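Colleague: pasting the sequence and the predicted model now:
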Amino acid sequence: MKLNELKGNQKARKARVRVGRGVASGKGKTAGRGAKGQKSRSGVALKGFEGGQMPIHMRLPKRGFNKPNRRKLNGVNLGRLQQAIDTGRLDEKSVVNAAALKAAGIIRRELDGVRILGTGELKTKLDFEVAGASASAKAMIEKCGGKLTLLSPKPTETPKQSEKAEAQEAEVKEAEAQEAEIKEAEVKEAQESETQKLQDTAQNTGAQDTGTKESQDTAQDTGTPAKPTE
């Protein structure tokens with residue numbers, strides 16, 4: 001056997017049809033497109049267009065919906081975990097979670113978590129910290145004496161939601177700062193008015209004392225009794 005003698009099985013590789021290569025080929029001249037018309041021209045793709053009548057994808061009824069925030073979980077069977085333990089890739093003493101399974105090569109990506117499924121047989125006691133587990137998997141884990149802890153899903157926020165939350169938080173902080181400034185100004189104004197009142201009272205009292213003394217001095221000089229000040 002030589003390299004130049006290697007070839008595939010018969011009819012394993014089918015040659016593509018080369019159109020427009022002469023009339024004798026059967027796909028020459030019009031190349032299987034027929035004569036004239038829109039579909040014989042280049043650059044035409046009538047995908048789903050039915051000449052103006054209601055297309056099939058609009059005639060058929062629609063039902064159900066796709067959940068926008070659906071979690072993507074890795075499904076892992078118990079039999080696969082037991083096989084990883086037997087080969088030494090997974091430590092039976094450590095907690096089984098998404099990070100441990102990724103390190104062992106059982107899953108490629110952590111995604112939104114791991115869901116344990118009941119296919120296969122588990123013989124080892126294991127402690128799990130996963131996003132979910134089927135009823136059969138839970139029963140087998142408890143039968144082996146293991147522990148199953150279900151992690152609560154993390155709330156997923158879209159960029160618009162996070163931006164909106166940040167904007168609301170900034171508005172609240174700004175409102176609090178303005179309210180604090182207003183309170184501080186009110187306190188300062190009250191203190192200033194109180195100080196002004198005390199100063200006015202002191203000035204009035206001093207003026208009254210000065211007037212009383214002057215009237216007493218005048219009365220002594222003239223010999224007349226001084227009038228009491230009101």
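Modeller: Okay, I see it.
Colleague: can I assume residue 99 sits in a helix?
Modeller: Yes - counting by DSSP: H, G, I helix; E, B strand; the rest coil, one finds residue 99 located in a helix.
Colleague: count of neighbours near the closest residue to it other than its chain neighbours?
Modeller: Spatial nearest neighbour of residue 99, excluding adjacent residues (Cβ to Cβ, 6 or more residues apart in numbering): residue 110 at 6.9 Å. Bear in mind the C-beta positions are built from the backbone N, C-alpha and C, glycine included. Residue 110 has 14 neighbours, counted by other Cβ atoms under 10 Å.
Colleague: any idea how far residue 91 is from residue 110?
Modeller: 18 Å (Cβ to Cβ, to the nearest Å).
Colleague: cool, and residue 66?
Modeller: From residue 66 over to residue 91 the distance is 39 Å, taken as Cβ to Cβ.
Colleague: neighbour-wise, which of the two wins?
Modeller: Comparing residue 66 with residue 91 by other Cβ under 10 Å, the one with more neighbours is residue 91, at 14 against 5.
Colleague: who are the contact partners of the residue nearest to residue 101 when sequence neighbours are not counted?
Modeller: Spatial nearest neighbour of residue 101, excluding adjacent residues (Cβ to Cβ, 6+ apart): residue 107 at 4.8 Å. Going by Cβ atoms under 8 Å, 6 or more residues apart in numbering, residue 107 touches 74, 76, 98, 101, 114.
Colleague: residue 74 too?
Modeller: 98, 101, 107, 109-111, 113-115.
Colleague: could you redo the last one with a cut-off of 7 Å?
Modeller: With contact set as Cβ atoms under 7 Å, 6 or more residues apart in numbering, residue 74 has these partners: 107, 111, 114.
Colleague: ditto for residue 72
Modeller: 111-112.
Colleague: pLDDT weak spots in this protein?
Modeller: 154-160, 207-230 (pLDDT under 70).
Colleague: same list (the contacts of residue 74) but as TSV, adding distance to residue 48 and secondary structure.
Modeller: Below are the contacts of residue 74 laid out as TSV (distance: Cβ to Cβ, whole Å; DSSP: H, G, I helix; E, B strand; the rest coil):
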residue	distance to residue 48	secondary structure
107	39	coil
111	34	coil
114	40	strand
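Colleague: between those residues, which sits nearest residue 163?
Modeller: Nearest to residue 163 out of the contacts of residue 74 is residue 111 (Cβ to Cβ; 24.8 Å).
Colleague: and residue 142, how far from residue 133?
Modeller: Residue 142 is 10 Å from residue 133, where distance means Cβ to Cβ.
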